[in-house]
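Asks: coords below, sequence missing:
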């Protein structure tokens, strides 16, 4: 690709991620004609058309898809290398994107992110709430928080929490009306507030512990949700038995607004981990954010342990 420059590939990657010339221009903060010109130069250097363009949409050709797949990791590494050098003499600054599930935001992140923004006002934090397992390199995201078994291979992972149980719970009014199940077999006579994953469109399997082994439990559904807040609200409304990791509902259980059920059968989930690409630690704004999150989660864990 004689004559191809880093900036042309940067424009190409932005068009792919944003899905349009105008979107790439906004992301790169340059004029749309400059984006179009850079793309034309890249296609001329490559000798192939990289996008099929119509008035309504722009799609990668086979050549474009191959170029994207083979340059994404290298471009991410180059961007990090350039930024790490530029930041040597500067205060941490620039855009910083993190993805995390909604329950992590509600339970852990909501109480600390404003503190980080005040500590580092030159860093523009973007929070991407998603229950999907995202390829953070392809999506242009710097860090993610997920359960340990959901972390992408090849990522650096730092432990943020200890393993946690998935709790079963319902409102006192529900148990007053339908009774309290005393065994796994009793659950077939009760109704579940079920969770459906947005990306896969699959129901979450209800795996509980029976004689030390995980076993799949089938229950009729009272309600199907794709949001943890709605899961909790449905349980508070007395519609059925909810299921979430314990930290999401611990305060409601302690207050008596929700009642736990079949605690001896609750399964364990791996702890939460912060993950990121290996080279990204070289960028100052990412490095200070990693340190901040590790300290804040450790303090939260210590506070929780001392109150038990």
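Replies: It's in. All of these numbers come straight from a predicted model, not from anything done at the bench.

Asks: from here on, just use CA atoms for contacts and neighbour counts.
Replies: OK.

Asks: need phi/psi at the closest residue to residue 155 other than its chain neighbours.
Replies: Spatial nearest neighbour of residue 155, excluding adjacent residues (CA to CA, 6 or more residues apart in numbering): residue 277 at 5.0 Å. With angles defined as degrees, to the nearest 10, residue 277 sits at phi -70, psi 150.

Asks: my read is that residue 277 contacts residue 156, right?
Replies: Yes: contact criterion CA atoms under 8 Å: residue 277 and residue 156 qualify, at 5.9 Å.

Asks: who's more crowded, those two?
Replies: Shown here are residue 277 and residue 156; by other CA atoms under 10 Å, residue 277 has more neighbours (21 against 17).

Asks: contact partners for that one?
Replies: Listed by CA atoms under 8 Å, 6 or more residues apart in numbering, the contact partners of residue 277 are 137, 142-143, 154-156.

Asks: top of those residues by number of neighbours, please.
Replies: Of all the contacts of residue 277, the highest neighbour tally under other CA under 10 Å goes to residue 143, namely 23 neighbours.

Asks: pLDDT (mean, whole number) over stretch 187-203?
Replies: The predicted model assigns stretch 187-203 a mean pLDDT of 91.

Asks: identify each buried residue in it, please.
Replies: Neighbour counts over stretch 187-203 (16 or more other CA atoms under 10 Å) mark 187, 190-195 as buried.

Asks: out of the residues you listed, flag the one nearest to residue 150.
Replies: Proximity of those to residue 150 (CA to CA) peaks at residue 195, which lies at 17.5 Å.

Asks: I'd guessed residue 49 sits against residue 61; true?
Replies: Yes: counting by CA under 8 Å, residue 61 is a contact partner of residue 49 at 7.0 Å.

Asks: which neighbours do those two have in common?
Replies: If you check residue 49 and residue 61 against CA under 8 Å, 6+ apart, no residue is contacted by both.

Asks: the stretch 151-300 of the chain: strands as residue ranges?
Replies: Remark: strands assigned in the stretch 151-300 of the chain by DSSP state E, counting those that start in this stretch are 156-159, 164-170, 192-195, 207-210, 213-216, 221-225, 242-245, 259-260, 268-269, 272-276.

Asks: residue 31: which of these is closest?
Replies: Closest approach to residue 31 among the strands of the stretch 151-300 of the chain is made by strand 272-276 (31.0 Å; CA to CA).

Asks: ok, back up a step: of the buried residues of stretch 187-203, which is the nearest to residue 252?
Replies: Comparing the buried residues of stretch 187-203 against residue 252 with CA to CA picks out residue 193 as the nearest, at 16.8 Å.

Asks: ok, that closest one touching residue 241?
Replies: Yes: Residue 193 is within contact range of residue 241, at 5.7 Å (criterion: CA under 8 Å).

Asks: which residue ends up closest to the midpoint of the chain in space?
Replies: In the chain, the residue lying closest to the centroid (CA atoms, centre = their mean) is residue 100, at 3.0 Å.

Asks: ramachandran angles for that residue?
Replies: Main-chain dihedrals, residue 100, degrees, to the nearest 10: phi -160, psi 150.

Asks: quick check: it touching residue 145?
Replies: Yes: using CA under 8 Å, residue 100 is in contact with residue 145, at 5.0 Å.

Asks: where are the low-confidence patches of the stretch 101-250 of the chain?
Replies: Residues of the stretch 101-250 of the chain meeting the criterion pLDDT under 70: none.

Asks: if I look at the nearest residue to residue 19 once chain neighbours are set aside, how far off is residue 69?
Replies: In space, and not counting its chain neighbours, residue 19 is closest to residue 58: 6.7 Å by CA to CA, 6+ apart. Distance, residue 58 to residue 69, using CA to CA, to the nearest Å: 17 Å.

Asks: more neighbours, the two?
Replies: Using other CA under 10 Å as the criterion, residue 58 and residue 69 rank with residue 58 on top: 16 against 12.

Asks: bridging residues for residue 60?
Replies: residue 51 (DSSP bridges).

Asks: local confidence estimate at it?
Replies: 91.

Asks: residues near it, how many?
Replies: Counted by other CA under 10 Å, the residues lying close to residue 60 total 18.
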